[in-house]
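>>> Fold the following and give me the result.
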Amino acid sequence: MTPGELREEVWNFLARHDLALHPTPPHGHHPNFKGARRAAELLLKTPEFQRARVVLSGMDAVLKPLREAALRAGKALLLPHPDRPGVFLRLEGLDPRRLKRVREAYRYGEAVALEKAPIDLVLIGAVAVDEEGGWLGKGYGFPQSWLKVEAPFATLAHPVMVYPRLPVEPERRVQLLATPHRLLRF
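Below you'll find the model as predicted:
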């Protein structure tokens, strides 16, 4: 099996069984899924999220509850610029209701050099993960393969996206995985 075939397997299953939420179909995305808010609630209770002052997050719909909670809690939120790869925007003190669409972050954020930002937690979407911390993304976009951050990586996944062990080489490792029913640490 190739990484592309595994992505297709997950996306097709989510679509076929009506488990994907907007944007649909899930193909080409880090899927938003039924139960994602419950999974986010588990992640929000972790010491890693509670202690974090600066959170780097992907722009995927599945991560929206986490981004909003970070802003409500007064954390600084770093987002990849929607149109400029390698550029990151820092949002701080922003009412999350003002950010109707995450692509509008450039209106409120200030461009920052990632290496100068003391990041405490990284939130990323996933297509497939395993019970050993292996992670497979959508194959392009954030998080870029070159992204090296000395902070824990956390993701959300529907149980059907979680494998005992990925049948392909993981693209990276995560330290926290939340599903609607459990939290795994690696």
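
>>> quick one, what contacts the residue nearest in space to the middle of the chain?
The C-alpha lying nearest the average C-alpha coordinate of the chain belongs to I124 (CA atoms, centre = their mean; 2.2 Å). For I124, the contacting residues are 30, 57-58, 60, 63, 135, 137, 142-143, 153-155, 174, by CB atoms under 8 Å, 6 or more residues apart in numbering. Quick note: C-beta positions are derived from backbone N, CA and C, even for glycine.

>>> what about whichever helix in the chain runs longest, average pLDDT?
The residue-count maximum for a helix in the chain (DSSP state H) belongs to helix 3-16. Per-residue pLDDT over helix 3-16 has a mean of 98.

>>> for stretch 116-128, same thing?
Here the average pLDDT along stretch 116-128 is 94.

>>> Which elements pack onto the helix or strand containing E41?
In the assignment (DSSP states H and E), E41 maps to helix 36-44. Helices and strands touching helix 36-44, by 3 or more CB pairs under 8 Å, 6 or more residues apart in numbering; DSSP states H and E, are helix 64-72, strand 153-156, strand 176-178.

>>> if you compare the ones you listed, which one is most tucked away?
Highest mean neighbour count among these (mean count of other CB atoms under 10 Å): strand 153-156, with a mean of 27.

>>> residues in contact with E48?
Counted by CB under 8 Å, 6+ apart, E48 has contacts 120-121, 152, 154, 175-176.

>>> of all those, which comes closest to R98?
L121 (22.5 Å; CB to CB).

>>> how close does W146 sit to R172?
Remark: distance between W146 and R172 (CB to CB, to the nearest Å) = 11 Å.

>>> Settle it for me: which of those two has more neighbours?
Between W146 and R172, R172 has the larger neighbour count (other CB atoms under 10 Å), namely 16 against 6.
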